[in-house]
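Novice: Here's a sequence, model it:
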Amino acid sequence: MASLLFTDISLDFAIPISQASIILTAYLIPYGVLQPFYGFYSDRYGLKKILLLLFRSRID
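Specialist: Numbering: from 1, shown residues only. Alright, predicted model coming up:
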(Lines give C-alpha, C1' and ligand atoms only; values in the text may rest on other atoms or scores of the structure.)
Protein backbone atom coordinates (compact mmCIF):
# COMPACT_ATOMS: atom_id res chain seq x y z
CA MET A 1 0.00 0.00 0.00
CA ALA A 2 2.73 2.46 0.89
CA SER A 3 4.41 2.03 -2.49
CA LEU A 4 1.23 3.19 -4.20
CA LEU A 5 1.35 6.42 -2.26
CA PHE A 6 4.88 7.46 -3.27
CA THR A 7 3.63 9.94 -5.87
CA ASP A 8 1.11 11.55 -3.51
CA ILE A 9 3.60 11.70 -0.64
CA SER A 10 6.29 13.26 -2.81
CA LEU A 11 3.84 15.84 -4.18
CA ASP A 12 2.40 16.73 -0.76
CA PHE A 13 5.83 17.21 0.82
CA ALA A 14 7.50 18.55 -2.35
CA ILE A 15 10.27 15.95 -2.22
CA PRO A 16 11.55 13.51 -4.86
CA ILE A 17 10.13 9.99 -4.92
CA SER A 18 13.53 8.61 -3.92
CA GLN A 19 13.30 10.47 -0.60
CA ALA A 20 9.66 9.46 -0.11
CA SER A 21 10.69 5.81 -0.38
CA ILE A 22 12.03 5.94 3.19
CA ILE A 23 8.38 5.67 4.25
CA LEU A 24 8.14 2.21 2.71
CA THR A 25 11.28 1.16 4.57
CA ALA A 26 9.92 2.57 7.84
CA TYR A 27 6.74 0.56 7.31
CA LEU A 28 8.26 -2.74 6.21
CA ILE A 29 10.98 -3.13 8.85
CA PRO A 30 8.63 -3.21 11.88
CA TYR A 31 6.13 -5.28 9.90
CA GLY A 32 8.79 -7.88 9.11
CA VAL A 33 10.18 -7.94 12.64
CA LEU A 34 6.76 -8.38 14.27
CA GLN A 35 5.43 -10.93 11.77
CA PRO A 36 6.66 -14.01 13.72
CA PHE A 37 4.98 -12.76 16.91
CA TYR A 38 1.77 -11.92 15.12
CA GLY A 39 1.74 -15.34 13.45
CA PHE A 40 2.39 -17.18 16.72
CA TYR A 41 -0.36 -15.42 18.64
CA SER A 42 -2.88 -15.64 15.81
CA ASP A 43 -2.25 -19.39 15.57
CA ARG A 44 -2.57 -19.77 19.33
CA TYR A 45 -5.58 -17.53 20.01
CA GLY A 46 -7.19 -17.22 16.59
CA LEU A 47 -6.78 -14.63 13.91
CA LYS A 48 -10.13 -12.97 14.58
CA LYS A 49 -9.32 -12.33 18.26
CA ILE A 50 -5.91 -10.87 17.43
CA LEU A 51 -7.31 -8.58 14.72
CA LEU A 52 -10.07 -7.37 17.03
CA LEU A 53 -7.51 -6.71 19.76
CA LEU A 54 -5.30 -4.74 17.38
CA PHE A 55 -8.25 -2.80 16.03
CA ARG A 56 -9.51 -1.88 19.50
CA SER A 57 -6.07 -0.71 20.61
CA ARG A 58 -5.89 1.71 17.66
CA ILE A 59 -9.27 3.25 18.46
CA ASP A 60 -8.57 3.93 22.16
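
Novice: and the most centrally placed residue in the chain, what element?
Specialist: The centre of the chain sits closest to Y27, judged by CA atoms, centre = their mean, with a distance of 4.9 Å. Secondary structure here is read from DSSP states H and E; on that basis Y27 sits in helix 22-45.

Novice: That helix: what's the following helix or strand?
Specialist: Read in the C-terminal direction, the helix or strand following helix 22-45 is helix 47-59, with elements assigned using DSSP H and E.

Novice: before we move on, back to that, if I look at the residue nearest to the centre of the chain, how far off is Y41?
Specialist: Y27 sits 21 Å away from Y41, taking CB to CB, to the nearest Å as the criterion. Bear in mind the C-beta positions are built from the backbone N, C-alpha and C, glycine included.

Novice: One more: F13?
Specialist: Summarising the geometry, the distance separating F13 from Y41, computed by CB to CB, is 36 Å.

Novice: repeat for L5
Specialist: Taken as CB to CB, the span from L5 to Y41 is 29 Å.

Novice: Also I15?
Specialist: Using CB to CB, one gets 37 Å for the distance from I15 to Y41.
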